[in-house]
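> Coordinates for the following, if possible.
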Amino acid sequence: MGNFSKRDYAYQAEDRSIYFRINRFADYGHLAHLNLEELRPSGRVRSDEYEKESIGDFALWKAWDEEDGDVGWESPWGRGRPGWHIECSAMATRLLGPEIDIHCGGVDNIFPHHEAEIAQSESCTGQQFVRYWLHSAHLLVEGQKMSKSLGNFYTLRDLLNKGFTGREVRYALIRVNYRLQLNFTFDGMNEARQSLLRIDEWIGRLRELAGNSQADQHYEPAQSDRFFAALDDDLNISAALAELFEQIRATNRAMDNEKLAAGEASALLRWWEEINHVLQLQSEEENVSAGVLALREKRAAARAAKDWSSSDAIRKQIEDLGWIVKDTKDGQKLTKKVP
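Okay, the predicted model is just below:
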């Protein structure tokens, strides 16, 4: 606080609260593209306002009053607590240093919170606080704002209890660009499940074709650079996923026509590893218990022996353990059962 006062950034008001003098920070308002002359009081920060010089000045330290109860600490300026903006700057600079590469937050945090973070941090350190700001749009649920009063408030535990998997939730949430409003729906969750099933089936076909062959060093997947180029365009995940599914369509067509060699399939699997390093969409079957996998193999043997009654009985056993087994031309596929 000493540096703030020496540079005339901070002052103590009559109520002993400490405020940041925003007209001393030339870049204040640049992130939100604000005109300081048009600033108006915000209901969210009104509780931290007392006798300040300017309506836009924000509290660095709020003097204690009776409403604070037991919340308060002793300081050179009297008993009180930090202003609600400064906690983020304090944690960030303490743990990450004076400069941060990427700072995320909701669009509602741009002003006044992030503007205040920039002003107080850079005034203190003399260095650029954040290189890139990523502000995400708000989440909608079935076309409405998520709230407990509307009964559309879901936790991750709620979704898992409804039979969805963590990777399905992850896919549903990441498939829309962070700047766009995501409308979370259960239809969308089922679409995420189908998209992941397509990816899993594609990988299964590639593994079967590739066998133990070495990757063809001369084979370049058609969408190789386009996936990452899309992500370089302000994390355009929608376009990146479109490139992935175009690759899946093209190579499935090639496999259907027996025009994809084993070495090329191996190269595609290596390409998928690079893609999945970003997406982190591990297959559901990697989380299947050994008991379920053993039942699947037992069912495969029953089907090979044309023992259909045993096959049906084993299918029921697998279902009772929470999995659906689907017979495809590429073998039995397991998917998580939805209650």
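> So Asp312 belongs to a helix, correct?
Yes. Counting by DSSP: H, G, I helix; E, B strand; the rest coil, Asp312 is part of a helix.
> do you know how far it is from Glu319?
With distances taken as C-beta to C-beta, to the nearest Å, Asp312 is found 11 Å from Glu319. C-beta: built from backbone N, CA, C; applies to glycine.
> ok, now Phe245?
From Phe245 over to Glu319 the distance is 29 Å, taken as C-beta to C-beta.
> before we move on, what about Pro98?
Taken as C-beta to C-beta, the span from Pro98 to Glu319 is 57 Å.
> And the two? Which one has more around it.
Pro98 (15 against 12; other C-beta atoms under 10 Å).
> give me every residue that touches that one.
Residues in contact with Pro98 (C-beta atoms under 8 Å, 6 or more residues apart in numbering) are 121, 125, 127, 129.
> Make sure Phe129 is actually in contact with Ile118.
Yes. Assessed by C-beta atoms under 8 Å, Phe129 is found in contact with Ile118 at 5.2 Å.
> Of all pairs in the contacts of Pro98, which one is the farthest apart?
The span of the contacts of Pro98, defined through C-beta to C-beta, is set by Ser121 and Gln127 at 8.3 Å.
> For the two, indicate the residue with more neighbours.
Neighbours per residue, other C-beta under 10 Å: of Ser121 and Gln127, the larger number sits with Ser121, 24 against 11.
> For the nearest residue to His85 once chain neighbours are set aside, grab the count of nearby residues.
Spatial nearest neighbour of His85, excluding adjacent residues (C-beta to C-beta, 6 or more residues apart in numbering): Ala116 at 3.8 Å. Ala116 has 26 neighbouring residues, counting by other C-beta under 10 Å.
> could you give the mean pLDDT of stretch 253-262?
Stretch 253-262 carries an average pLDDT of 94.
> before we move on, back to that, the residue nearest to His85 sits in which helix or strand?
In the assignment (DSSP states H and E), Ala116 maps to helix 115-125.
> Work out the gap between that helix and the centre of the chain.
Helix 115-125 sits 26 Å away from the centroid of its parent chain (C-alpha atoms, centre = their mean, to the nearest Å).
> for stretch 290-308, same thing?
Distance of stretch 290-308 from the chain centroid (C-alpha atoms, centre = their mean) equals 39 Å.
> tell me the SS of Arg270?
Under three-state DSSP, Arg270 comes out as helix.
> Tell me, how many residues neighbour it?
Around Arg270 there are 14 other residues, counting by other C-beta under 10 Å.
> I figured it hits Gln214, correct?
No. Counting by C-beta under 8 Å, Gln214 is not a contact partner of Arg270; they are 10.1 Å apart.
> In three-state terms, label Asn152 for me.
coil.
> That one and Phe186: what is the separation?
From Asn152 to Phe186 the distance is 11 Å (C-beta to C-beta).
> for Trp308, what are its contacts?
Trp308 makes contact with Ala302, according to C-beta under 8 Å, 6+ apart.
> how close does it get to Ala294?
Using C-beta to C-beta, which is the criterion applied here, Trp308 is 20 Å from Ala294.
> still on that earlier bit, and the contacts of Pro98, which is closest to Arg7?
Nearest to Arg7, judged by C-beta to C-beta, of these is Thr125 at 12.1 Å.
> residues near the closest one, how many?
15.
> Wait, it touches Thr93, no?
Yes. Counting by C-beta under 8 Å, Thr125 does reach Thr93; the two are 6.9 Å apart.
> quick one: low-confidence ranges for the stretch 51-200 of the chain?
51-53, 146-148 (pLDDT under 70).
> can you give me the helices in the stretch 201-339 of the chain?
Secondary structure of the stretch 201-339 of the chain (DSSP state H, counting those that start in this stretch): helices at 224-232, 237-256, 262-279, 290-304, 308-320.
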